[in-house]
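Asker: Mind looking at a prediction? Sequence and model below.
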Amino acid sequence: MKSAFITGAAIGQGNLIAKKLAARGWRVFGGVLPGAETDLGSVAGVTVVEQDVSDDASVRASASVVEEALDGAGLDLLMNVAGVANIASAVIEGAAMDDVRRLFEINTFGQLRVCQAFLPMIRRAAKPAKILNFGSGAVLVAPPMAGPYTMSKHAVHGMTLTLRNELAPFGVQVTSIWPGAVKTAMTANAKESTLGSWNAQPEDVQKTYAEYLKRGITEILPDMIERKGNTADAVTDEIIAIAERNKLGAWYCVGKDARPLGMLHRFMPGGRFEAMIRGVYKIPTARA
């Protein structure tokens with residue numbers, strides 16, 4: 001029986017992936033924040049493991065729980081799903097450094113902690129063991145007001161590329177998953193949340209950027225999520241299909257919105273791609 005550990009499995013994509021893998025006969029360990037509500041405790045084939053990816057001791061303790069349960073066997077699959085997008089939402093000039101640090105503790109350093117703690121189990125697994133690190137389609141389009149989030153996901157991909165080299169001798173496959181907009185609790189009430197993030201910025205920053213960015217962030221972006229966002233069910237099916245491949249590429253765009261953007265990013269000149277993205281958000285470019 002193959003085994004998998006899924007971080008951020010209490011709700012959302014991680015929750016669905018845990019359930020779907022268990023239904024396929026996998027032995028699944030679902031990482032859940034201590035005290036968080038989840039329905040995984042009643043799912044056959046899933047063991048709930050308390051884990052706070054932002055805490056060193058918590059991650060080490062969760063690895064010890066899995067290590068003991070595996071009893072010397074390897075871990076076939078690690079999915080680093082846990083992450084947040086609603087912290088440090090601001091233009092770069094107005095981002096609060098404490099919020100940025102908190103974002104990185106979860107999105108970036110969290111994935112690093114988990115990889116470090118679980119790699120001994122992954123190396124023991126039959127080839128090819130796999131690690132799927134969750135990034136975001138934001139690394140391609142760099143949406144305004146999401147700079148810190150995009151930075152955190154770029155860093156995750158840097159780790160992924162390095163792991164691909166470091167773990168090649170052990171037969172461990174590593175990739176980055178870049179989903180587009182997914183309709184989950186994280187994107188619910190997008191209009192209210194984007195407007196709230198805009199209003200939370202320093203007043204002088206709002207005045208400076210409002211003419212150029214406010215409409216794109218608080219109106220156009222929420223409308224795109226509503227019209228073109230992917231269902232969590234469709235995205236998680238696509239991710240599991242990637243996990244079942246024998247050989248993994250360096251990254252995969254996932255979702256009906258992200259896949260075409262990935263192709264355009266590959267083949268369009270950089271300047272034209274940037275101009276296209278700015279056009280979507282109605283961002284003007286000053287002329288010299």
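Answerer: Great, that's in hand.

Asker: switch to C-alpha atoms for all contacts and neighbour counts from now on
Answerer: Will do.

Asker: give me the element Phe118 is part of.
Answerer: helix 109-124 (DSSP states H and E).

Asker: Please enumerate residues in contact with the next helix or strand after that helix?
Answerer: Moving toward the C-terminus from helix 109-124, the next helix or strand (DSSP H and E) is strand 129-134. Contact with strand 129-134 is made by 75-81, 111, 122-123, 153, 156-157, 160, 171-178, 243, as judged by Cα atoms under 8 Å, 6 or more residues apart in numbering.

Asker: Quick one: residues contacting Asn107.
Answerer: 82-84, 152-153, 156.

Asker: and Thr175, that's in a strand?
Answerer: Yes: using DSSP: H, G, I helix; E, B strand; the rest coil, the assignment for Thr175 is a strand.

Asker: residue ranges for the helices of the stretch 1-150 of the chain, please.
Answerer: 12-23, 56-70, 97-107, 109-124, 138-141, 147-167 (DSSP state H, counting those that start in this stretch).

Asker: Now tabulate these in CSV and tack on mean pLDDT and distance to Ala88.
Answerer: CSV is the format used below for the helices of the stretch 1-150 of the chain (pLDDT from 0 to 100; distance: least, Cα to Cα, whole Å):
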stretch, mean pLDDT, distance to Ala88
helix 12-23, 97, 21
helix 56-70, 98, 22
helix 97-107, 98, 5
helix 109-124, 98, 16
helix 138-141, 95, 15
helix 147-167, 98, 6
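
Asker: returning to what we had before: which strands or helices does the helix holding Phe118 pack on?
Answerer: helix 56-70, strand 77-80, strand 129-134 (3 or more Cα pairs under 8 Å, 6 or more residues apart in numbering; DSSP states H and E).

Asker: Helix 147-167 and that one, what's the angle between them?
Answerer: Angle, helix 109-124 to helix 147-167, by axes from the mean of the first three to the mean of the last three Cα atoms, to 10 degrees: 20 degrees.

Asker: Distance from the chain centre to helix 109-124, please.
Answerer: From the chain centre to the centre of helix 109-124 is a distance of 16 Å (Cα atoms, centre = their mean, to the nearest Å).

Asker: Ok, stretch 11-28 next?
Answerer: With Cα atoms, centre = their mean, you get 16 Å for stretch 11-28.

Asker: which stretch among the helices of the stretch 1-150 of the chain comes nearest Gln201?
Answerer: helix 97-107 (12.0 Å; Cα to Cα).

Asker: Now do Asp247: how many residues are near it, please.
Answerer: No, residue 247 isn't Asp; it's Lys. 14 (other Cα atoms under 10 Å).

Asker: and if you look at Thr162?
Answerer: 12.

Asker: Same check on Asp55?
Answerer: 14.

Asker: could the helices of the stretch 1-150 of the chain go into a markdown table alongside distance to Gly262?
Answerer: Putting the helices of the stretch 1-150 of the chain into a markdown table (distance: least, Cα to Cα, whole Å) gives the following:
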| stretch | distance to Gly262 |
| --- | --- |
| helix 12-23 | 21 |
| helix 56-70 | 33 |
| helix 97-107 | 22 |
| helix 109-124 | 23 |
| helix 138-141 | 7 |
| helix 147-167 | 15 |
